[in-house]
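In: Provided below are the primary sequence and the corresponding predicted coordinates.
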Amino acid sequence: EDLYGLKRWGRGFFEVLENGDVALKNPLSPDSPPVSLPGIIRDLEKRGIHTPMILRVSSYLEDAIRQINESFRDAIKRTGYQGTYRGVFPIKVNQQAQVVDRIVEFGRKYDFGLEAGSKPELVIALAHKLPDDALIVCNGVKDAEFVGLAIQSRKLGFNTVIVLESTMEVDTVIETSRALGVEPMLGVRVKLTNQISGNWAASSGDRSTFGMNTAQLVEVIDKLRDAGLLHCLTLQHSHLGSQVPDVNDVRRAVGDACRYFCEMKAEGAPLTHLDLGGGLGFDYTGEQKATANSINYSVEEYCANIVETVAYAMNEAGVEHPTLVTESGRASVATSSMLIFNVLEATLFDAPDAPAVEPDDHHYVSDLTAVGDYLSGDRLRECLNDASFYRNEMRALFRRGHVGMRQMARTETIYRHLMARIKALAASDERGADIEDELHKLADIYHCNFSLFQSLPDVWAIDQLHPLMPLQMLDQPPTRRAVLSDITCDSDGKVDHFIVADGTSPSLPVHDLPEDRPYHMGVFFVGAYQETLGDLHNLFGDTNVVTIDLRDDAGFDLLHEQEGDTIAEVLSYVEYDPSDCVAAFRKLVDGAISKGIISVEERRPLMAAYRDSINGYTYYE
Ligand code: PLP
């Protein structure tokens, strides 16, 4: 049974082995055997690399870059489109060197370039040897320094396009290019007025913060013409917002973009490149529906729709087919990373046995115990109601001081035992479905070694759904339902919305925690945005990051290891000098020795404990 919906969302990248392990399949080598994920984790542990960690699979990244480029190539060939495709990877979606370097490497044969949305990202882009025909597209607000670097990079052969975001930026570009005596490659960002649906709807439409309206575009063209630079305007850019759920929104937006393209050409702008920005969505749930966490189209369909729409529009206007550019970030990197963490302990909301009622106990305790006598499939809800009533009455008596702690403890254990019986009966009786909502509220809490704020920020901020499941024991039926809590001291640090077999659920099927080995969870498709948006809540830093490649013999190669932040590193991010902290602690220790509070011999272990902590991992070790 596909309890976690893995067959629906897994893209054939994962399968469950007979021993119950989740295993990774190599999409670039479909005949090679799957590689056990718990096996990879055990191997990495032996090398001293511990969870929580981000595991990057290089072949998944290569497959995504191949898919986008080849889908455009295929669509171009099939429709007889006269232009080509020159995609760029928006660095902001995952700026990690290991990711960007590999994208450049895998994209080389497709003349794949980079998109920079800021000065630091341009600095990253210019540190790469890109193919001669690849683009660097510069978006975002640009000062004279940004513009100057972009223009000068032309001397080294980079095709660095400055996308004009505002009329003010045009003046900066004109002045800087005059001062440098180098002509820029220019683009212009058009604000499309059709609004799309989804989480990022605000990036499109009249009120979006980026791009220029029609009047401003006319002003830009006039300014550039006056400055003798109109011939440099070769690219038109627009961006709909990320994760566009409905492919027909893409078609409509592309149609709009084409209208501007043809009009600006008629105005004398020698446009050759049509850049349609990001937005190619990712099907996190595998539902194939236009919802917040899914999309109603495939990559192939997205590419085909763009190529077809542009071809029709250009043919109708008698305009040469432009080079197509997209800035697909999410679809390029989402698959390539997964977050893996161990479960530390469980808070269970049931008890295996119930204590006997004591002679002096309040009658509510025996009333509560008696609920167990009439528990049956057709009285599930009644038993739930009665049990809650008696327990709540006992709580009220406890608060007023009428019953003591031991009687209250007995009450709670009897209640939790009743809940265990109700859960078990509900699981085996079809009438259990009637109390499904109540059962979710009785889910256990599994405490896990990760920070939601550092590693899954969109789950916290916008209720993003990622597939999440146990990585082992899947040959055995799960015995419990749980919500996951992270190790920050924040009640928001929890996951209580999961993708399951038939949709989503407020609790996740899990196993009783094994005593002799760790129980690991995997969160899939976290390569886009999650690493870059994470924050230092409670000073939990970056996790360990490991890049691997899958071999053909059910093994893997470790390509790169990046150790997670140490405590000293996160302290320095918040302006503490770790050596000052050590010195300050030493002073306190020596002061305590002087006052006779601790002995001289206690100094060494105290200092060692402090030093070990400051040099250690921020997570539970
Ligand atoms: N291009 C621009 C200008 C963006 O702002 C973004 C992100 O929203 C992207 C590209 C990447 O979008 P996506 O990850 O949806 O492909």
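Out: Noted; the coordinates are in hand.

In: what about the closest residue to the ligand within the stretch 1-150 of the chain, how many neighbours?
Out: Using C-beta to the nearest ligand atom, the point where the stretch 1-150 of the chain gets nearest to the ligand is residue 90, with a distance of 4.0 Å. Bear in mind the C-beta positions are built from the backbone N, C-alpha and C, glycine included. Close neighbours of residue 90, defined as other C-beta atoms under 10 Å, add up to 26.

In: can you tell me the residue of the stretch 501-621 of the chain closest to the ligand?
Out: Distances between the stretch 501-621 of the chain and the ligand by C-beta to the nearest ligand atom are smallest at residue 528, namely 6.0 Å.

In: Within range of the ligand, give me the residues from the chain.
Out: Proximity of the chain to the ligand, by C-beta under 6 Å from any ligand atom, involves residues 90, 93, 115, 139, 239, 242-243, 277-280, 327-330, 528.

In: By neighbour count, which of the residues you listed wins?
Out: When neighbours are counted as other C-beta under 10 Å, the busiest of the residues of the chain next to the ligand turns out to be residue 115, with 32 neighbours.

In: For it, give the beta-bridge partners.
Out: Beta-bridge pairing for residue 115 (DSSP bridges): residue 90, residue 137.

In: Would you confirm that it contacts residue 93?
Out: No - under the criterion of C-beta atoms under 8 Å, residue 115 is not in contact with residue 93, lying 9.1 Å apart.

In: three-state assignment of residue 521?
Out: Here residue 521 is recorded as strand under DSSP: H, G, I helix; E, B strand; the rest coil.

In: Show me where the stretch 351-500 of the chain dips below the pLDDT cut-off.
Out: By pLDDT under 70, the stretch 351-500 of the chain contains no weakly predicted segment.

In: quick one: the strands in it?
Out: Using DSSP state E, counting those that start in this stretch, the strands of the stretch 351-500 of the chain run over residues 444-448, 468-470, 480-485, 494-495, 498-500.

In: Now render those as TSV, adding distance to residue 3 and mean neighbour count.
Out: Output for the strands of the stretch 351-500 of the chain, formatted as TSV (distance: least, C-beta to C-beta, whole Å; neighbours: other C-beta atoms under 10 Å):
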stretch	distance to residue 3	mean neighbour count
strand 444-448	16	20
strand 468-470	8	22
strand 480-485	11	22
strand 494-495	17	21
strand 498-500	7	22
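
In: can I get these in CSV with distance to residue 560?
Out: Conversion of those to CSV gives the following (distance: least, C-beta to C-beta, whole Å):
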stretch, distance to residue 560
strand 444-448, 25
strand 468-470, 25
strand 480-485, 28
strand 494-495, 28
strand 498-500, 30
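
In: buried sites along the lengthiest helix in the chain?
Out: Of all segments of type helix in the chain, defined using DSSP state H, the longest is helix 405-428. By neighbour count on 16 or more other C-beta atoms under 10 Å, the buried set for helix 405-428 is 407-408, 410-423, 425-426.

In: What separation is there between residue 343 and residue 617?
Out: Separation of residue 343 from residue 617 (C-beta to C-beta, to the nearest Å) stands at 17 Å.

In: do residue 586 as well
Out: Distance, residue 586 to residue 617, using C-beta to C-beta: 23 Å.

In: In terms of neighbours, single out the busier of the two.
Out: A side-by-side neighbour count of residue 586 and residue 617, using other C-beta under 10 Å, places residue 617 first with 18 against 15.

In: Could you double-check that that one lies in contact with residue 50?
Out: Yes - in this structure, residue 617 is within contact of residue 50 by C-beta under 8 Å, at 7.2 Å.

In: intersection of neighbour lists for these two?
Out: Listed as contacting both residue 617 and residue 50 by C-beta atoms under 8 Å, 6 or more residues apart in numbering are residue 544.

In: In the protein, what residue lies closest to the ligand?
Out: Checked against the ligand (C-beta to the nearest ligand atom), the nearest residue in the chain is residue 278, 2.0 Å away.

In: Residue 81 contacts residue 307, correct?
Out: Yes - because the distance of 5.1 Å satisfies C-beta under 8 Å, residue 81 is recorded as touching residue 307.

In: who has more neighbours, the two?
Out: Applying other C-beta under 10 Å to residue 81 and residue 307 shows that residue 307 carries more neighbours, namely 26 against 20.

In: For that one, I want the exact helix or strand it lies within.
Out: Following DSSP states H and E, the helix or strand that holds residue 307 is helix 299-317.

In: Residue 604 now?
Out: helix 603-615.

In: what distance separates that helix from the middle of the whole chain?
Out: Remark: helix 603-615 is offset 36 Å from the chain centroid, using C-alpha atoms, centre = their mean, to the nearest Å.

In: which helices and strands does it pack with?
Out: Taking 3 or more C-beta pairs under 8 Å, 6 or more residues apart in numbering; DSSP states H and E as the contact definition, the neighbouring helices and strands of helix 603-615 are helix 567-573, helix 578-594.

In: where do the helices sit along the stretch 1-150 of the chain?
Out: Under the criterion DSSP state H, counting those that start in this stretch, the stretch 1-150 of the chain carries helices at the ranges 6-9, 37-46, 58-79, 97-107, 119-125, 144-152.

In: whoops, the stretch 151-300 of the chain was the one
Out: Taking DSSP H, counting those that start in this stretch, the helices of the stretch 151-300 of the chain run over residues 167-180, 214-226, 247-266, 299-317.
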